[in-house]
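# A structural model of the following input is requested.
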Amino acid sequence: MSESYVIIGDGIAGSSAAETIREEAPDADVSVITDEGEALYNRILIKEFAKGKLPEAPISIHEEDWYAERDIDLELNTFVTNVDPDAHEVHTHDSGTFEYDKLLVATGGTPTQLPVDNSDAEGVHHFWTFQDARKIQEHADETDTGVVVGAGLLGIDLAAICAAQEVDAKYIMRGNRWWRYGLSLDGAEIIHDALEEKGVEPVLESGVEEFQTDDDGHVVSTVDANGEEYESDFVGVAIGLNFNTEYLQGTGIEEDSGIVVDEYMQTNVEDIYAAGDITRYYDTILDEYAQNGSWGSAKEQGQIAAKNMVADDEEEAFRWVSSYSITHFDFPFLSFGFPTLGDDECERKYSDTEWRRLAFKDGKLVGGVLIGDIAPQGRYKDLIRQEAEVADQKEILLEKDFDPEELAIPQEQ
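Numbers count the residues shown, from 1 in each chain. The predicted structure is shown next:
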């Protein structure tokens, strides 16, 4: 009797897992369950679509035929109601019960809503799915004023969409700079200037008090924490994710700001794995639990989970140095590893649009941010993989044309 694998979620983690299982176990039964109405698409490109820069065609990665050709059962518009680990069953709202030998949870999250009045008003957008991007693209194209909330990587995507659609926007941030956990004031100043050049004004050390609406329930203005009111027919909110784990209640699966898994993507419940944004995984490089929401990380986690689900014993560990890039400005921006962690750091500004910051933990490089020149990223990522103790050689690391051969690294590293 063939093995049965069920995957909940058809993002890059779930889809990559399904493809890997089919390659590793040609005769297995593979089912992918998703509450979305369309198959896998490129979440990286949907921001370009929302800007009005791309048609829909390049954004879809897999059509439904792709699954059929690989004998993968794809269940669209299907909501999982609960999982029974003892019976090895997944229950859905109207598609029946799916039995599994191994289960992968890859359902990601749902955008967090601001806890203020009228945060659910018409015209207040969250940016996560392709359907969100369609609504944002259409609305931004026809509006003149807007507000963006959330000083992170998704928030700046929304700000860039406003800029591309010529929306006169304010970008409200709680701290004194964009992405204050990853950038210093010098680095953030480059981003602030670039935003203003594109017509988006940063509003620092503020927040949202409430949204004002018209008689039809459509947002018309935003009142910030300082009492300032900004006209905003369009609002984009990106303040984090709530992970989709309600259907796992009663399973005994350990959660800690996400589903806890080991380096093999295995949960604490037998035969249940998890991958993607939803995981809090054991990072073998950091030697601690971590989270990462990058596309590359999710894809790799899905593949690793699948290989270990098919294998008799877990045999391949997740060991990954992620990166995340922004292409909204005239200069590139890239973060790698864990730039917001660490107990030591160094940085250097090379020009008005070129800056670097490196983060260290226990003497080892763990992450960084590159603005303007991202060419050294591979060399820095190699050092992270090597777990090399290099924090005492910051001057060499910050040289514009950094050469790792100049570093003094003990042979055993």
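# check which helix or strand covers Lys349.
In the assignment (DSSP states H and E), Lys349 maps to strand 344-351.
# touching the helix or strand following that strand from outside, list them.
Next in sequence after strand 344-351, counting helices and strands by DSSP H and E, comes strand 354-361. Residues from elsewhere that reach strand 354-361, judged by CB atoms under 8 Å, 6 or more residues apart in numbering: 182-184, 186-187, 190, 286, 331, 337-350, 365-373, 376, 380, 390-391, 394, 397-398. C-beta here means a position set from N, CA and C on the backbone, and glycine is covered the same way.
# what average pLDDT does strand 354-361 get?
Across strand 354-361, pLDDT averages out at 98.
# what angle do it and strand 344-351 make?
Here strand 354-361 points in a direction 170 degrees away from that of strand 344-351 (axes from the mean of the first three to the mean of the last three CA atoms, to 10 degrees).
# number of residues surrounding Asp101?
15 (other CB atoms under 10 Å).
# what's the answer for Ser2, then?
11.
# hang on, isn't it packed against Asp29?
Yes. Under the criterion of CB atoms under 8 Å, Ser2 makes contact with Asp29 at 5.7 Å.
# the strand holding Lys349 packs against which elements?
helix 185-197, strand 354-361 (3 or more CB pairs under 8 Å, 6 or more residues apart in numbering; DSSP states H and E).
# kindly reformat these as CSV containing mean neighbour count.
Putting the helices and strands packed on strand 344-351 into CSV (neighbours: other CB atoms under 10 Å) gives the following:
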stretch, mean neighbour count
helix 185-197, 18
strand 354-361, 22
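# so for Thr213, which of those sits nearest?
Comparison of the helices and strands packed on strand 344-351 against Thr213 by CB to CB identifies helix 185-197 as nearest, at 26.7 Å.
# using PDB, list the CA coordinates for the closest one.
Taking C-alpha atoms only, helix 185-197 is exported to PDB below (Å, rounded to 0.1, in the frame of the first residue of the first chain):
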ATOM      1  CA  LEU A 185      20.100  56.400  11.500                       C
ATOM      2  CA  ASP A 186      22.800  56.700   8.800                       C
ATOM      3  CA  GLY A 187      21.500  53.800   6.800                       C
ATOM      4  CA  ALA A 188      17.800  54.700   7.300                       C
ATOM      5  CA  GLU A 189      18.500  58.300   6.100                       C
ATOM      6  CA  ILE A 190      19.400  56.900   2.600                       C
ATOM      7  CA  ILE A 191      16.000  55.100   2.500                       C
ATOM      8  CA  HIS A 192      14.100  58.200   3.800                       C
ATOM      9  CA  ASP A 193      15.700  60.400   1.200                       C
ATOM     10  CA  ALA A 194      14.800  57.900  -1.500                       C
ATOM     11  CA  LEU A 195      11.200  57.700  -0.400                       C
ATOM     12  CA  GLU A 196      10.800  61.500  -0.400                       C
ATOM     13  CA  GLU A 197      12.300  61.700  -3.900                       C
END
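# what is it packed up against?
Where contact means 3+ CB pairs under 8 Å, 6+ apart, helix 185-197 is packed against helix 153-164, strand 200-203, strand 344-351, strand 354-361, strand 364-371.
# if you count neighbours, what's buried in the third one?
Using 16 or more other CB atoms under 10 Å as the burial criterion, the residues of strand 344-351 that qualify are Asp344, Cys346, Glu347, Arg348, Lys349.
# where does the residue nearest to the fourth one when sequence neighbours are not counted land on pLDDT?
Residue nearest to Arg348 in three dimensions, not counting chain neighbours: Leu398, with 4.5 Å by CB to CB, 6 or more residues apart in numbering. Reported pLDDT at Leu398 in the predicted model: 98.
# next, the contact list for Leu398, please.
Cys346, Glu347, Arg348, Arg356, Leu358 are the contacts of Leu398 under CB under 8 Å, 6+ apart.
# try it again with 7 Å
Cys346, Arg348, Arg356 (CB atoms under 7 Å, 6 or more residues apart in numbering).
# residue contacts, the first one?
Right, Cys346. Counting by CB under 7 Å, 6+ apart, Cys346 touches Leu358, Lys394, Leu397, Leu398.
# narrow these to those in strands?
Leu358 (DSSP state E).
# just the ones in helices from the contacts of Cys346, please.
Counting by DSSP state H, the contacts of Cys346 place Lys394, Leu397 in helices.
# out of the contacts of Cys346, which comes closest to Ile239?
Distances from Ile239 to the contacts of Cys346, taken by CB to CB, are shortest for Leu358, at 27.5 Å.
# pLDDT score assigned to the residue nearest the centre of the chain?
Note on the chain: the residue nearest the mean C-alpha position is Gly293, at 3.2 Å, using CA atoms, centre = their mean. Gly293 carries a pLDDT value of 84.
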